[in-house]
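Trainee: Take a look and give me a structure for this.
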Amino acid sequence: MQAYVYGSKRELPEGFEDYVSRKNTAVISIDMHEGHLADTPDCPCPTPRARDIVEPLNKFHRAARALGVPIIHIRSVLRKGGVDDINGIPSAWRRTFPLYVGDIPNADEHAIEGTRWTNFVTEVAEGDLIVETKKRLSAFYPTDLDFLLRNMRIETVIFDGGFTDCCVLNSSFDASNHNYRVVVLRDLVRGTNDEMEDAALKIVSLHLGLVMDSADLLAAWRT
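Mentor: Down below sits the predicted model:
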């Protein structure tokens with residue numbers, strides 16, 4: 001079984017078999033909706049690098065479903081009027097991220113309920129589950145994801161989606177702190193840039209769980 005340890009792919013010693021068991025495992029796909037992925041000037045929080053993984057991610061999800069592994073889609077949704085964010089206590093990223101990327105047109109519309117920006121771009125199949133009360137960076141806050149996972153008897157979570165250095169990393173920390181085994185799929189997440197993505201994956205590999213390629217995980221599931 002191979003995984004990335006501080007950026008280098010290597011064969012793991014015995015003792016990690018539970019990370020790649022299909023039993024008590026779920027795939028968690030983070031924020032693959034139009035608010036990040038729309039290829040239009042009014043996209044409120046663009047993640048252009050993540051557009052490249054839409055079809056590979058769909059393909060992986062189809063394979064996981066065929067093996068009986070459940071898919072949980074995470075969707076950020078903020079109440080109309082902005083009380084959850086811009087007209088309440090604004091998320092930190094709204095002030096800090098533009099210092100690096102510049103002004104973000106239409107950012108106030110990000111994740112507002114009832115808008116096109118909450119529409120999933122990736123496939124959502126019958127039988128998939130949706131968690132849609134994410135309002136900050138972690139898929140666990142302030143959502144019912146942990147409640148759902150406990151009721152499903154899930155012990156291992158497989159993360160894909162975006163941002164690697166933001167929501168994926170935050171969700172991985174929370175999952176580990178909740179005592180789930182964590183796997184992040186290196187080829188099916190995308191970050192702010194290569195440097196930030198690499199740093200986030202290195203952090204995961206040292207402190208939170210395994211960083212793997214999706215093909216290697218599928219091969220392990222099929223063995």
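Trainee: For the protein, which strand extends over the most residues?
Mentor: What stands out as the longest strand in the chain, according to DSSP state E, is strand 181-190.
Trainee: List the buried residues for the following helix or strand past it?
Mentor: Using DSSP states H and E, the next helix or strand after strand 181-190 towards the C-terminus is helix 194-203. Residues of helix 194-203 classed as buried: 196-203 (neighbour count, 16 or more other C-beta atoms under 10 Å). (Each C-beta comes from the backbone N, C-alpha and C, glycine too.)
Trainee: and the angle from helix 194-203 to strand 181-190?
Mentor: 170 degrees (axes from the mean of the first three to the mean of the last three C-alpha atoms, to 10 degrees).
Trainee: Which other helices and strands does helix 194-203 contact?
Mentor: strand 181-190 (3 or more C-beta pairs under 8 Å, 6 or more residues apart in numbering; DSSP states H and E).
Trainee: do that again at 10 Å, thanks
Mentor: Applying 3 or more C-beta pairs under 10 Å, 6 or more residues apart in numbering; DSSP states H and E, one finds that helix 194-203 contacts strand 2-5, helix 169-177, strand 181-190, strand 210-212.
Trainee: rewinding a little: and the longest strand of the chain, C-alpha only, in CSV?
Mentor: In CSV, the C-alpha atoms belonging to strand 181-190 read as follows (Å, rounded to 0.1, in the frame of the first residue of the first chain):
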residue,chain,number,x,y,z
ARG,A,181,-9.3,7.9,10.3
VAL,A,182,-8.6,10.4,7.5
VAL,A,183,-7.5,9.9,3.9
VAL,A,184,-7.1,12.8,1.5
LEU,A,185,-7.0,12.0,-2.2
ARG,A,186,-4.1,13.9,-3.6
ASP,A,187,-5.3,13.8,-7.2
LEU,A,188,-8.9,14.8,-6.4
VAL,A,189,-8.3,17.9,-4.3
ARG,A,190,-7.2,21.3,-5.4
